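> Predicted model and sequence below, questions to follow.
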Amino acid sequence: MAELPELIQALLNPKAYPDWTPKVGLVQTQISYVFLAGEYVYKIKKPVDMGFLDYTTLEKRLYFCNKEVELNRRLCPDTYLGVVPITKDNDYAVGGKGEALEYAVKMRRLPADKMMDVLLQQNKVTPAMVDKVAEILVDFHKKAATSEEIARLGGIDAVIKNTSENFEQTEKYFGVIIEPETYQRIKNFTEDFIKNNLSLFLKRMAEGKVRDGHGDLHTAHICFCNGICIYDCIEFIDRLRYIDVAADIAFLAMDLDHYGRQNLSDAFINAYVSWSGDKELLKLLNFYKCYRAYVRGKIGCLHYDDPYVSSVEKEKIAATANSYFKLAVSYIEG
């Protein structure tokens, strides 16, 4: 496990923050350092280029920090407070004066015990709760931007590109996280489904079903506090957020399946269809569930290669990723 960069180590010191906090916690994703400092969270983008995202320059990280705040205020307006600079005089300072060495998205800290993934493990998520999430998402999708350009960027060509990209980026993990046979089976299903349902994809594009959605709608991004906060949408590439509404809701439905709560998954889908009247999306549901499960597996693969992740954590990441690949196969059989 590699040593954390100097800046990141410095930000573990409570004195670096403008608001008093007794201690600072650090959570890493494959693309971010997330600092938990008292009532606030500070999220710094890692200077990485993964093909589908590029945070390699300070200018790009600032741009995407601002975009993250703007986009996430659509569903979680009171949580995203803005973008703050990180400077250094004698010591590193969050929100300090002078030249910015880095930038962070500042958020109000949401209660961890109210997150949907945590509540699921405690059997505290009810059909009424997922019904309310569905109602919020129907309204969100109705208001979300759509246009010929959004349909073009997020339509069938993007589906083909996104799925192909997923397969290309997971080949190196054969025998480590995903078996070649599993990979090939999912790849064949995906390509055949797209070929056989091309007219359906095109029809929904023409009808405005491709919208500027969330793009990363799973259980860890939903908090049942002060109403319902749905946060952490994709900001780094438009074509992963410009999607058919079916792809957005399939992500959450798939994740509920992953927790073994198919009853809640079904209740969520039924509520969304009832509120929206979009029965046609059911024809695409297993395809998009398979795609979303594969995405979660791929993200695990990319996180597995992070040099700042311990060997023990790597084992957990690999096991979770593999479970998502197995779930993806189940939608082929379903």
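Looks like it came in fine.
> Which parts of the stretch 1-150 of the chain are helices?
Secondary structure of the stretch 1-150 of the chain by DSSP state H, counting those that start in this stretch: the helices cover 6-10, 58-72, 116-121, 127-143, 148-154.
> Okay, now the unreliable bits of this protein?
The chain contains residues with pLDDT under 70 at 1, 334.
> center of it, which residue is that?
By CA atoms, centre = their mean, the chain has its centre lying nearest to residue 216, at 3.1 Å.
> just to revisit the earlier point, wait, which of the helices of the stretch 1-150 of the chain is closest to residue 311?
Taking CB to CB, helix 6-10 is the member of the helices of the stretch 1-150 of the chain nearest to residue 311, at 19.7 Å. (C-beta placed from N, C-alpha, C; glycine too.)
> Quick check: buried residues in that closest one?
For helix 6-10, burial by neighbour count (16 or more other CB atoms under 10 Å) applies to 8, 10.
> on that earlier part again, not counting its neighbours along the chain, what's nearest the residue nearest to the centre of the chain?
Leaving aside its sequence neighbours, residue 216 sits nearest to residue 234 (CB to CB, 6 or more residues apart in numbering; 5.1 Å).
> In a helix, that neighbour, correct?
No. Judged by DSSP: H, G, I helix; E, B strand; the rest coil, residue 234 forms no part of a helix; its state is coil.
> give the contact list for it.
By CB atoms under 8 Å, 6 or more residues apart in numbering, the contact set of residue 234 is 214-216, 240-241.
> how near is it to residue 29?
The spacing between residue 234 and residue 29, counted by CB to CB, to the nearest Å, is 13 Å.
> same check, this time on residue 159
Taking CB to CB as the measure, residue 159 falls 25 Å from residue 29.
> out of these two, which sits in the more crowded spot?
residue 159 (23 against 15; other CB atoms under 10 Å).
> What's opposite residue 80 in the beta bridge?
Bridge pairing for residue 80 (DSSP bridges) gives the partners residue 107.
> can you tell me which residues contact the nearest residue to residue 127 once chain neighbours are set aside?
Counting by CB to CB, 6+ apart, the nearest residue to residue 127 once its immediate chain neighbours are dropped is residue 267, at 4.2 Å. Counting by CB under 8 Å, 6+ apart, residue 267 makes contact with 127, 130-131.
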